[in-house]
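Peer 1: return a 3D structure for these sequence lines:
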Amino acid sequence: MLWSPRQIPNVITALRILLVAPIAVALAHRQLLAAIVLFGIAAISDLADGFLAKRFAWQSELGAVLDPAADKLLLATVFITLAYLGLVPLWLMAAAVARDAVIVLGALLYRLCFGVLNVRPSVVSKFNTLCQAGFIMAVVGRAEFSIPPAWMVMVLGALVFVTVTVSGIDYVLIYGRRALSLRRPQADDPGAAPNVDRRR
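Peer 2: Residues are numbered from 1 along each chain as shown. Model prediction:
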């Protein structure tokens with residue numbers, strides 16, 4: 001059977017990825033209202049696919065990779081576009097994009113060296129994603145409708161920077177601890193078979 005309801009969350013995630021280009025184009029042409037609507041749809045789709053996957057146990061290995069990749073692609077693209085338009089400071093954009101780059105590269109290196117690493121998003125990581133989404137909406141809303149007030153945009157920006165930094169360090173520590181825990185037995189026993197994390 002080629003199709004089953006279990007694929008619905010992945011289809012929703014794929015549609016969110018397809019929204020990245022239209023959102024970037026709308027922002028680049030300063031069609032900010034359209035960008036807000038499309039970004040809102042993307043945010044709702046993120047909630048929808050997560051709810052469906054958990055509610056009906058439709059989780060999959062593809063979804064475990066596709067969903068966070070879609071979020072990172074969307075947020076990074078929007079941050080870069082807003083920085084290009086001068087609506088977001090370059091240093092904040094660089095911090096947000098660098099954090100995602102560290103996470104992706106760390107996961108790839110870990111997989112190449114040790115195998116699959118199953119890491120559920122921490123509370124601070126989830127809060128960071130929420131702060132980034134709220135900050136983006138606030139920046140675009142401020143530029144288009146002069147709301148919310150400037151101080152609120154600044155507070156959200158500060159929260160983004162703090163949570164980006166903390167969650168980035170948290171992921172690095174997680175990768176490091178897991179890698180050390182797998183290498184230590186081999187260092188103690190040179191004849192031991194490679195210890196690969198086979199959790200799925």
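Peer 1: can you pull the contacts of the residue nearest in space to the middle of the chain?
Peer 2: The centroid of the chain falls nearest to residue 72 when counting by Cα atoms, centre = their mean (3.4 Å). Residues near residue 72 by Cβ atoms under 8 Å, 6 or more residues apart in numbering: 100, 103-104. Yep, even glycine has a C-beta here, placed from its N, CA and C like the rest.
Peer 1: beyond the host helix or strand of it, next helix or strand please.
Peer 2: For residue 72, the element it lies in under DSSP states H and E is helix 61-84. Downstream of helix 61-84, the first helix or strand assigned by DSSP H and E is helix 90-113.
Peer 1: quick check: angle from the helix holding residue 72 to helix 90-113?
Peer 2: Going by axes from the mean of the first three to the mean of the last three Cα atoms, to 10 degrees, helix 61-84 is angled at 160 degrees with respect to helix 90-113.
Peer 1: just the CA trace of helix 61-84, in PDB.
Peer 2: Backbone C-alpha positions of helix 61-84 (Å, rounded to 0.1, in the frame of the first residue of the first chain) are rendered in PDB as follows:
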ATOM      1  CA  GLU A  61      12.100   8.100  11.100                       C
ATOM      2  CA  LEU A  62      11.500  10.400   8.100                       C
ATOM      3  CA  GLY A  63       9.300  12.700  10.200                       C
ATOM      4  CA  ALA A  64      12.000  12.800  12.900                       C
ATOM      5  CA  VAL A  65      14.400  14.300  10.400                       C
ATOM      6  CA  LEU A  66      12.000  16.200   8.200                       C
ATOM      7  CA  ASP A  67      10.200  18.200  10.800                       C
ATOM      8  CA  PRO A  68      13.200  19.900  12.600                       C
ATOM      9  CA  ALA A  69      14.800  20.400   9.200                       C
ATOM     10  CA  ALA A  70      11.700  22.200   7.900                       C
ATOM     11  CA  ASP A  71      11.700  24.500  11.000                       C
ATOM     12  CA  LYS A  72      15.400  25.300  10.700                       C
ATOM     13  CA  LEU A  73      15.200  26.000   7.000                       C
ATOM     14  CA  LEU A  74      12.200  28.300   7.500                       C
ATOM     15  CA  LEU A  75      13.500  30.300  10.400                       C
ATOM     16  CA  ALA A  76      17.000  30.600   8.900                       C
ATOM     17  CA  THR A  77      15.700  31.800   5.500                       C
ATOM     18  CA  VAL A  78      13.400  34.300   7.200                       C
ATOM     19  CA  PHE A  79      16.200  35.600   9.400                       C
ATOM     20  CA  ILE A  80      18.600  36.000   6.500                       C
ATOM     21  CA  THR A  81      15.900  37.800   4.400                       C
ATOM     22  CA  LEU A  82      15.000  40.200   7.300                       C
ATOM     23  CA  ALA A  83      18.600  40.900   7.900                       C
ATOM     24  CA  TYR A  84      19.100  41.700   4.200                       C
END
